[in-house]
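>>> here is a sequence with its predicted model. Questions after.
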Amino acid sequence: MAKVLIVAEHRDGRLKKATLELVSHSASSGNETHVALLGDGVQSLAADIGQAGAKVVHLAQAPELKSYTAEATTRVVAALAKSISPDVILASHTPTGRDFMPRLAARLDAGIASDCTQLSYQGNGISVRRPIYAGKATAEVEFLGSGPKLATIRANSLGAPKLDASRSAEVVPFTSFELSGLKTRVVNVVQGNAGRPDVTEASVVVSGGRSLKSAENFKILEELADVLGAAVGASRAAVDAGYRPHRDQVGQTGKVVSPSLYIACGISGAIQHLAGMRTSKTIVAVNQDSEAPIFQVADYGIVGDLFQVVPLLTQELKRVKEH
Amino acid sequence: MNIYVCIKQVPDTETKIKLNADATGIDPTGIKWIVSPYDEFAIEEALRLRDKNPGSTVTVLSAGPARTVDAIRTALAMGADNGIQVETPETADNQLVAKALAQALKKEAKVDILFTGKEAIDDGASQTSQLIAEHLDFAHVTVVLGAEYTAQSVTCRREVEGGAIEIIEAQLPVVIAAQKGLNEPRYASLPNIMKAKKKEIKVLKLADLGVSEADQKVRVKNLQLPPPKAAGRKLSGDTAAQVQELVRLLHEEAKVI
Ligand SMILES: Cc1cc2nc3c(=O)[nH]c(=O)nc-3n(C[C@H](O)[C@H](O)[C@H](O)COP(=O)(O)OP(=O)(O)OC[C@H]3O[C@@H](n4cnc5c(N)ncnc54)[C@H](O)[C@@H]3O)c2cc1C
Ligand SMILES: Nc1ncnc2c1ncn2[C@@H]1O[C@H](COP(=O)(O)O)[C@@H](O)[C@H]1O
């Protein structure tokens, strides 16, 4: 059993599913699970964390914590870690987790493994694997020395969180931190595509390539995504052609995603694209060229014209849902 | 301004990865080495900032084995002024590398701004910038898409969750980690390539920096190639039949919808 500290993430007053995934996995592995919940007016989020199996939620609240910064987060979590001495500190490998966790590791003089896709607990330590060389290999990372072991975990790698309404966590306010003299300040956050999940977090991603031929034509993928509650991704060719913004690009020079279902429509399956999605649990490919390399990683393939297949698929999913 | 850039030499993306005999690293034979693509945005941003602020210099640092000087020469050919190689072993982790680079930077008279890539495409760690920033007690901003500089501060546009863009102001000195889109990196010019060949590159050893292999915090125990995926199934029948079969399989076999 390990003492595990998980740094919670939330946005727009809602906890990230990826946080619950870490909490639920830690708790069901039999660990003493602590969660650091930072923000301003976020106490209500502790309930879900408790349902996922945390023992203690350490609630750190201050006006300076309203908008996330790596600087403030590092200060608070480092102070908390010094006070409760966890064996393991985890965060999700999201834009937030990957931003502050290395800084925290340096401050605690501790080892860190990032973007892990496998995590298991052993005694009071962890064993992790992470993809390297854009997924062409994976590495088992061993921690040296005695300090806490830090890791960031790719979203959707540990399975869906299990919530149990009969569970709750003890909520302990944490106030022993200092936030004066900060050197970074969030001026503004310009919202992105509200309503649709981010490609890195969604459990289903529908992606399109160059073959969509225009930004307008992506509408058929959006309709499919709507039925599935999915995010819409794109190949680099589609992004370079201006059909989608770069933030939607999946691949080596875009986002790395690991959803439970990835549907590639009119994407050839270049090695750089595969680097961003090959760890997806189930892969579906729709391509009119039966020799396209994407079929080598696809669990299910449809050889055909996406402009026919995708609308039919949307219809069929709607039909099945209604029954 | 005293502008610095950290760059990493990495295998070209097209390189086929083979494991070494004991599967603790990769077999280096036949690998084509390049400057990690995000680091090119870092170099370009440094050069542009220098050119807007007369009297400034751009110094490029890279940690790694002897081959690393080729990456530094590439940056010099793009227009950087000075190069420093920090000798680190192939097996060094991000912590050891960052500590060595931070120590090398501490030897410099003054560092106003340090640019890095948002991640190196070989280890994909996105750690080194933040680690260096912490060792130097600098602010850091990662995944930067755009930046405006004043003498005291920099205001960055950075990519955050859900496609949102955060505007963040950081006081100098600062570490900025570049995302694609920050700029369009230039190509090396012929005169610069010739000049770069002759430039002296300073070499620092770990011992010169007060850093040792004991500063390493993690190590790769073993590498594995991904297990070959069992050949998938191409569905048959007319389009409507294939679509129906797909939905059934996703529901009943893969259980993902
Ligand atoms: C350093 C580097 C980094 C890169 N990073 C990335 C990255 O992050 N992400 C990325 O995706 N790529 C990346 N690439 C580019 C990559 O090599 C490919 O060029 C790109 O992925 C191709 O995109 P595509 O599949 O949309 O286009 P194409 O390769 O042109 O494929 C189009 C496919 O659509 C099929 N098709 C055409 N019409 C239809 C139709 N009507 N119905 C069904 N199928 C149809 C075709 O058969 C074909 O297979 C990178 C390349 C380099 C060199
Ligand atoms: N060995 C190195 N030498 C110099 N800079 C490095 C080195 N490793 C990483 N960096 C810098 O840190 C960034 C992030 O790398 P990483 O943490 O490995 O993903 C890279 O884009 C480089 O700018």
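Happy to help now that I have it. Ligands and ions are numbered 1, 2, ... in the order given.
>>> can you tell me which residue of the stretch 51-200 of chain A sits closest to chain B?
Residue nearest to chain B within the stretch 51-200 of chain A (Cβ to the nearest Cβ): A:Gly192, separated by 2.7 Å. C-betas here are computed from N, CA, C, even on glycine.
>>> number of nearby residues for the nearest residue to that residue once chain neighbours are set aside?
Among residues not flanking A:Gly192 along the chain, B:Gly163 sits closest, at 2.7 Å (Cβ to Cβ, 6 or more residues apart in numbering or on different chains). B:Gly163 has 19 neighbouring residues, counting by other Cβ atoms under 10 Å in any protein chain shown.
>>> coming back round to it: next up, the contacts around the residue of the stretch 51-200 of chain A closest to chain B.
The contact partners of A:Gly192, taken as Cβ atoms under 8 Å, 6 or more residues apart in numbering or on different chains, are A:247, B:162-165.
>>> specify the local secondary structure of it.
coil (DSSP: H, G, I helix; E, B strand; the rest coil).
>>> helix/strand/coil for the residue of chain B found nearest ligand 1?
Of all residues in chain B, B:Thr13 sits closest to ligand 1, at 4.5 Å by Cβ to the nearest ligand atom. Assigned with three-state DSSP, B:Thr13 falls in the coil class.
>>> and for it, the neighbour number?
B:Thr13 has 19 nearby residues by other Cβ under 10 Å.
>>> contacting residues around residue 23?
Assuming you mean chain A. Contacts of A:Val23 by Cβ under 8 Å, 6+ apart are A:6, A:33, A:35, A:49, A:52-54, A:161.
>>> try again with chain B
B:Ala23 neighbours (Cβ under 8 Å, 6+ apart): B:222-224.
>>> right, is the lengthiest strand in chain B up against chain A?
The strand that spans the most residues within chain B, counting by DSSP state E, is strand B:139-149. Yes - residues of strand B:139-149 contacting chain A under Cβ under 8 Å from any Cβ of the partner chain: B:139-143.
>>> buried members of those into ChimeraX, please.
Selection of buried members from those for ChimeraX, criterion 16 or more other Cβ atoms under 10 Å in any protein chain shown:
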select /B:139,140,141,142,143
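>>> now the strands for the stretch 51-200 of chain B?
Chain-ordered strands for the stretch 51-200 of chain B, with DSSP state E, counting those that start in this stretch as the definition, fall at B:57-64, B:82-87, B:113-117, B:139-149, B:153-159, B:165-171, B:174-178.
>>> is stretch A:235-254 up against ligand 2 anywhere?
No - Stretch A:235-254 stays clear of ligand 2 (Cβ under 6 Å from any ligand atom), getting no nearer than 12.4 Å.
>>> first-to-last residue distance for that stretch?
9 Å (Cα to Cα, to the nearest Å).
>>> that stretch near ligand 1 anywhere?
Yes - using Cβ under 6 Å from any ligand atom, stretch A:235-254 reaches ligand 1 at A:235-238, A:249-254.
>>> now for these: which two are most distant?
A:Ala238 and A:Gln252 (15.0 Å; Cβ to Cβ).
>>> those two: who's more crowded?
A:Ala238 (27 against 21).
>>> secondary structure element for that one, which one?
helix A:236-240 (DSSP states H and E).
>>> redo the contacts of B:Ala23 as TSV? Include secondary structure, pLDDT and neighbour count.
Output for those, formatted as TSV (DSSP: H, G, I helix; E, B strand; the rest coil; pLDDT from 0 to 100; neighbours: other Cβ atoms under 10 Å in any protein chain shown):
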residue	secondary structure	pLDDT	neighbour count
B:Asn222	strand	96	15
B:Leu223	strand	96	21
B:Gln224	strand	95	12
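>>> out of those residues, which are close to ligand 2?
The subset of the contacts of B:Ala23 within reach of ligand 2, by Cβ under 6 Å from any ligand atom, is empty.
>>> between those, which is nearest B:Glu40?
For these, the nearest to B:Glu40 is B:Leu223 (26.9 Å; Cβ to Cβ).
>>> surely B:Pro65 meets B:Ala92?
No - taking contacts as Cβ atoms under 8 Å, B:Pro65 lies outside contact range of B:Ala92: 9.5 Å.
>>> more crowded one of the two?
B:Ala92 (23 against 14).
>>> how about that one, phi and psi?
For B:Ala92, the backbone dihedrals (degrees, to the nearest 10) come out as phi -60, psi 140.
>>> where do the strands sit along the stretch 201-323 of chain A?
Counting by DSSP E, counting those that start in this stretch, the strands of the stretch 201-323 of chain A are A:204-208, A:231-234, A:261-265, A:282-287, A:300-303.
>>> mind giving me a markdown table with the ones you listed and columns for distance to ligand 2 and mean neighbour count?
Compiled in a markdown table, these are given as follows (distance: least, Cβ to the nearest ligand atom, whole Å; neighbours: other Cβ atoms under 10 Å in any protein chain shown):
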| stretch | distance to ligand 2 | mean neighbour count |
| --- | --- | --- |
| strand A:204-208 | 23 | 29 |
| strand A:231-234 | 22 | 28 |
| strand A:261-265 | 24 | 28 |
| strand A:282-287 | 26 | 25 |
| strand A:300-303 | 34 | 24 |
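>>> using JSON lines, lay out those together with mean pLDDT.
Listed next are the strands of the stretch 201-323 of chain A as JSON lines, based on pLDDT from 0 to 100:
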{"stretch": "strand A:204-208", "mean pLDDT": "97"}
{"stretch": "strand A:231-234", "mean pLDDT": "96"}
{"stretch": "strand A:261-265", "mean pLDDT": "98"}
{"stretch": "strand A:282-287", "mean pLDDT": "98"}
{"stretch": "strand A:300-303", "mean pLDDT": "97"}
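>>> out of those strands, nearest to ligand 1?
Here strand A:282-287 is closest among the strands of the stretch 201-323 of chain A (Cβ to the nearest ligand atom), at 4.3 Å.
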